[in-house]
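>>> Based on what follows, work out the 3D shape:
(chains A and B)
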Amino acid sequence: MKILDGGADIFGQGSKALALARVAFDGRGFFVSTHALQFDLVRVPFTFGEPEEARRERLAALAASLGDGKGQRHPIVPTPVGEAQGLDTIQFFATCRVACPSAHLVVDLELLGHKLGQLCLSFGADALMGPIVSQRAPRLGERASSNELTREEAAQLLRASGFAPYERLAEGKVQAL
Amino acid sequence: MSFSVLARKVLEGALLSHADGLALFEHPNLVELGALANQVRERLHGDRTYWNRNLHINPTNVCVAACKLCAFSRRAADADGAFVLGTDEAVGKLRARLAAGERVTEVHIVGGLHDGLPFDYFTGLLTGLKAAAPNVSLKAFSAVEIFFFHRLYHMSVEEVLRRLRAAGLDALPGGGAEIFSPRVRKLICPNKCGADEWLEVHRTAHRLGMKSNCTMLFGTVETAEERVEHLLRLRDLQAESGGFLAFIPLPFHPENNALGNRPAPTAAESLRVCAVARLLLSNVPHVKAYWVSLGLDTAQTALWFGADDFDGTVSEEKIYHQAGARSPQALAPAEIERLVRSAGRVPVERDTLYGLPSPATAAARKEAM
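You can find the predicted model right below:
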């Protein structure tokens, strides 16, 4: 299998990350509305072009501080510093998942967009976070490129990536979408 | 059929069946599917990822077809936003690029089905562009347009192609195929030519010695079965005529058109179609990640899901952007090369027929071997 410039093996690492996410959460994928956050998120910055070794060391330290695998499932949000690059972002998600197998790995849709965000669900992410609306205005004129999602659209993004869709609510509750 | 059996068939070079295609579309592990398509891609092209320096020209957006999927067209010539590009104006776009010191190796021309223009308008457009830049390839008029010319100007498809070729036409783009299923065409593009006609135009072009591309628009109302049938019809024609250079998967864009209440296909779906196409279309040399339509991130990722071509610099793309595409309007050559390299691939500049446009390209190809 080929090694990319960034040092991660896209398919090997991706398969492992996806499998870990599916097993850890019983095949459930989560949606979190940015308007209803009731829990702490840990932002994990990454920069395109930074050495792979530095990333791994940072993630190992994060995993140790979270006590990953010891009960509580912390939500962590890989957060690009500067412009997100497609494959680099996907590889970082896979690396995060392998480093933190029990954490909720959350995609910030406002930072990554729907397309790249959904791809991360195939490389270790198990949750999407973004603005939710009860009914989206038609995609016309100025709203043609709106980032808003309805719950059904969010559920569809999760389903299309092979996850059973759930919404994360306050106090640790979840609800099927 | 299990995925490992399918994978063995692919690696042994066996022709995949309709049932195999369906199984690939339904395979739950996208990463595994991508890895298999990537093996085929690397067997054919190694790390090479092709791109070209192209300019898009849309002669008119006036169109009688009134397809529900389209955000580009205007029904009447006097409608708000309707345009017909004068020949001088079109040639001027090319001249301006060349005068600015840019290299252009291909002009890609597609437009609406305008029933008020003489055939001379189109031959004049080609002649004018060729006179301005004789070495630039003209890849022009989708099979839908060629078939429309045949009906409108009362000439056979072959005669249309011969006359356009005499005026400078070098190759046909692959647009307008949408989905071949009559059920789907009736719903999304009832006034376009049918699948048989689309295929016949390409068959005729290939018989005349011309090369062309082929496409599939996915994500409207089609089923997986209809996608597989579409791809296998393309494979059958390729087995017969051998004239397709590249297959281009085109995700539906829902903005500003009559199908706007439908969600766009997700990025994962785009990668899945790309991978399945690479596996089913074993006799089509190239699969293109058309960045305008896919978006840069997905196009970059598609280079690991079967695609080996990033398309080109483009410039002035209108059709997808009016349907909500958020990709840039153009990419500089250096930006394409950076995107391809940062995806772990080796960029190789090509001309329309996948030849070498310059000595520098030959050196890049050598590097990629």
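>>> tally of neighbours for the residue in chain A that chain B sits nearest to?
The minimum distance from chain A to chain B, using C-beta to the nearest C-beta, falls at A:Gly86 (3.2 Å). Bear in mind the C-beta positions are built from the backbone N, C-alpha and C, glycine included. A count of nearby residues for A:Gly86, using other C-beta atoms under 10 Å in any protein chain shown, gives 24.
>>> Quick check: it touching B:Leu296?
Yes: if you go by C-beta atoms under 8 Å, A:Gly86 and B:Leu296 touch, sitting 6.5 Å apart.
>>> What segments of the chain are strands?
Since you didn't name a chain, this refers to chain A. A:28-33, A:42-47, A:75-81, A:104-108, A:127-130, A:164-168, A:174-176 (DSSP state E).
>>> if you could check chain B rather than the one you did, that'd help
Using DSSP E, strands in chain B cover B:48-52, B:54-57, B:106-109, B:137-140, B:171-172, B:211-218, B:244-251, B:286-287, B:309-312, B:346-349.
>>> Summarise which helices and strands the second one is packed against.
If contacts are counted by 3 or more C-beta pairs under 8 Å, 6 or more residues apart in numbering or on different chains; DSSP states H and E, strand B:54-57 sits against helix B:87-99, strand B:106-109.
>>> Repeat that for the first one.
Applying 3+ C-beta pairs under 8 Å, 6+ apart, we find strand B:48-52 packed against strand B:309-312, helix B:333-342, strand B:346-349.
>>> at 6 Å what do you get?
Packing contacts for strand B:48-52, counted by 3 or more C-beta pairs under 6 Å, 6 or more residues apart in numbering or on different chains; DSSP states H and E, involve strand B:309-312, strand B:346-349.
>>> Tell me what angle it forms with helix B:333-342.
Per axes from the mean of the first three to the mean of the last three C-alpha atoms, to 10 degrees, the angle that strand B:48-52 makes with helix B:333-342 is 160 degrees.
>>> Now do strand B:48-52 and strand B:244-251, the angle between them.
90 degrees.
>>> what mean pLDDT does strand B:48-52 have?
Averaged over strand B:48-52, pLDDT sits at 96.
>>> Please list all residues in contact with residue 168.
Going with chain A. Listed by C-beta atoms under 6 Å, 6 or more residues apart in numbering or on different chains, the contact set of A:Arg168 reads A:30, A:32, A:174.
>>> that answer is for a different chain, and I need it for chain B
Counted by C-beta under 6 Å, 6+ apart, B:Gly168 has contacts B:126-127, B:130, B:138.
>>> farthest pair in those residues?
Pairwise distances across the contacts of B:Gly168 peak at 9.9 Å for B:Thr127 and B:Leu138 (criterion: C-beta to C-beta).
>>> Neighbour count for the two, which is higher?
More crowded of B:Thr127 and B:Leu138, by other C-beta under 10 Å: B:Leu138, with 24 against 17.
>>> before we move on, the earlier item: any chance of the helices and strands packed on strand B:54-57 in JSON lines, plus mean neighbour count, distance to chain A and mean pLDDT?
Shown next, in JSON lines, are the helices and strands packed on strand B:54-57 (neighbours: other C-beta atoms under 10 Å in any protein chain shown; distance: least, C-beta to the nearest C-beta, whole Å; pLDDT from 0 to 100):
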{"stretch": "helix B:87-99", "mean neighbour count": "16", "distance to chain A": "26", "mean pLDDT": "94"}
{"stretch": "strand B:106-109", "mean neighbour count": "25", "distance to chain A": "24", "mean pLDDT": "96"}
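>>> Right, I'll call it a day here.
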